[in-house]
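Engineer: here is my input, please return the structure:
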Amino acid sequence: WHGYRAQGQRIVAWRLGADGRPQGPRENIASGWSAAPSLRPLGNPAGATVDSQGRLWVVEDRNHTVLVVAPAAAVR
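Structural biologist: Numbers count the residues shown, from 1 in each chain. Sure, this is the predicted structure:
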């Protein structure tokens with residue numbers, strides 16, 4: 001969710017059922033979007049895509065950065 005309101009500035013996900021539709025509650029992947037050293041800059045997520053290795057690439061528009069959220073198995 002991109003926005004400058006309290007409910008904005010977060011990345012969320014839903015688990016998908018066998019039919020490909022969202023099921024259950026949403027899961028926060030990144031929220032609050034306040035600065036955290038070595039983790040994320042103060043900013044606003046503006047766009048995202050997933051690559052073939054399951055990593056989520058997020059474009060952040062305040063600092064013009066690209067952030068990567070990787071599954072635990074992908075972290076080395």
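
Engineer: CA atoms for contacts and neighbours, from now on please.
Structural biologist: OK.

Engineer: neighbouring strands - and their directions - for the lowest-mean-pLDDT helix or strand in the chain?
Structural biologist: Each helix and strand of the chain was given a mean pLDDT (mean pLDDT, DSSP states H and E); the minimum falls on strand 65-69 at a mean of 85. With DSSP bridges as the test, strand 65-69 is paired with strand 56-60 (antiparallel).

Engineer: could you give the separation of the strand it pairs with from the chain centroid?
Structural biologist: Mean-position distance between strand 56-60 and its chain equals 7 Å (C-alpha atoms, centre = their mean, to the nearest Å).

Engineer: so which bits of it are buried?
Structural biologist: 57, 58, 59, 60 (16 or more other C-alpha atoms under 10 Å).

Engineer: next one: stretch 45-56
Structural biologist: Buried residues in stretch 45-56, counting neighbours by 16+ other C-alpha under 10 Å, are found at 45, 46.

Engineer: just the CA atoms of it, as PDB, please.
Structural biologist: Output in PDB follows, covering the C-alpha atoms of stretch 45-56 (Å, rounded to 0.1, in the frame of the first residue of the first chain):
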ATOM      1  CA  PRO A  45       7.100   1.800  -1.300                       C
ATOM      2  CA  ALA A  46       5.800   2.700  -4.700                       C
ATOM      3  CA  GLY A  47       6.100  -0.400  -6.900                       C
ATOM      4  CA  ALA A  48       7.000  -4.100  -6.600                       C
ATOM      5  CA  THR A  49       7.800  -7.200  -8.500                       C
ATOM      6  CA  VAL A  50       8.800 -10.800  -7.800                       C
ATOM      7  CA  ASP A  51      11.700 -12.500  -9.500                       C
ATOM      8  CA  SER A  52      12.200 -16.200 -10.500                       C
ATOM      9  CA  GLN A  53      14.000 -16.900  -7.200                       C
ATOM     10  CA  GLY A  54      11.000 -15.600  -5.100                       C
ATOM     11  CA  ARG A  55      12.600 -12.400  -4.100                       C
ATOM     12  CA  LEU A  56      10.400  -9.300  -3.800                       C
END
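
Engineer: nearest to residue 68, of the buried residues of strand 56-60?
Structural biologist: Of all the buried residues of strand 56-60, residue 57 has the smallest distance to residue 68: 4.6 Å, by C-alpha to C-alpha.
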